[in-house]
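1. Here is a sequence with its predicted model. Questions after.
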Amino acid sequence: MTETAREIERVLHLAEPSLRFASGQQAYDPHDGLAMFGPFSQGQPSHPQTPAYMVIGTPQGVGAMRKWSEAMNHSYLGDRKRMDHRR
């Protein structure tokens, strides 16, 4: 047996763990779980009411982040022509 074959024999495949989300729901994919059920702490007193973040950067970078985060606090209507392909 070659050295490469011996190394391959040592590979152990582990199944993806089930992740827990809000209301005790479970999913294997974190993106799916968050989209369908929300974060695990949702509805609990320890769940943050607003996302916390800190920005470190140049004055221009911090200003760009401030402008972006202010824009994210508003609703926007999508362009109907660009959305029609999703039907």
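-> Noted; the coordinates are in hand.

2. distance of Ser69 from Arg20?
-> In this structure, Ser69 and Arg20 are separated by 29 Å, where distance is defined by C-beta to C-beta, to the nearest Å. C-betas here are computed from N, CA, C, even on glycine.

3. Same question for Ala64.
-> Ala64 sits 36 Å away from Arg20, taking C-beta to C-beta as the criterion.

4. Same check on Gln60?
-> 41 Å.

5. Those two: which has the busier surroundings?
-> It is Arg20, of Gln60 and Arg20, that has more neighbours when counted by other C-beta atoms under 10 Å, with 13 against 8.

6. Quick check: phi and psi at that one.
-> Main-chain dihedrals, Arg20, degrees, to the nearest 10: phi -100, psi 140.

7. His31 versus that one, what's the distance?
-> The gap separating Arg20 from His31 is 15 Å, by C-beta to C-beta.

8. what's next to the lengthiest helix in the chain, contact-wise?
-> What stands out as the longest helix in the chain, according to DSSP state H, is helix 59-71. With C-beta atoms under 8 Å, 6 or more residues apart in numbering as the contact definition, helix 59-71 has outside contacts at 55, 57.

9. and the end-to-end length of stretch 29-45?
-> Start to finish, the residues bounding stretch 29-45 are 25 Å apart (C-alpha to C-alpha, to the nearest Å).

10. mind checking how far it is from the chain centre?
-> When C-alpha coordinates are averaged (C-alpha atoms, centre = their mean, to the nearest Å), stretch 29-45 and its chain have centres 10 Å apart.

11. same check, this time on stretch 57-67
-> Average the C-alpha atoms of stretch 57-67, do the same for its chain, and the two points are 23 Å apart (C-alpha atoms, centre = their mean).

12. Can you report phi and psi for Ser23?
-> The phi/psi pair for Ser23 (degrees, to the nearest 10) is phi 60, psi 30.

13. Low-confidence bits of this structure, can you list those?
-> Low-confidence regions of the chain, defined here as pLDDT under 70, cover residues 1-8, 81-87.
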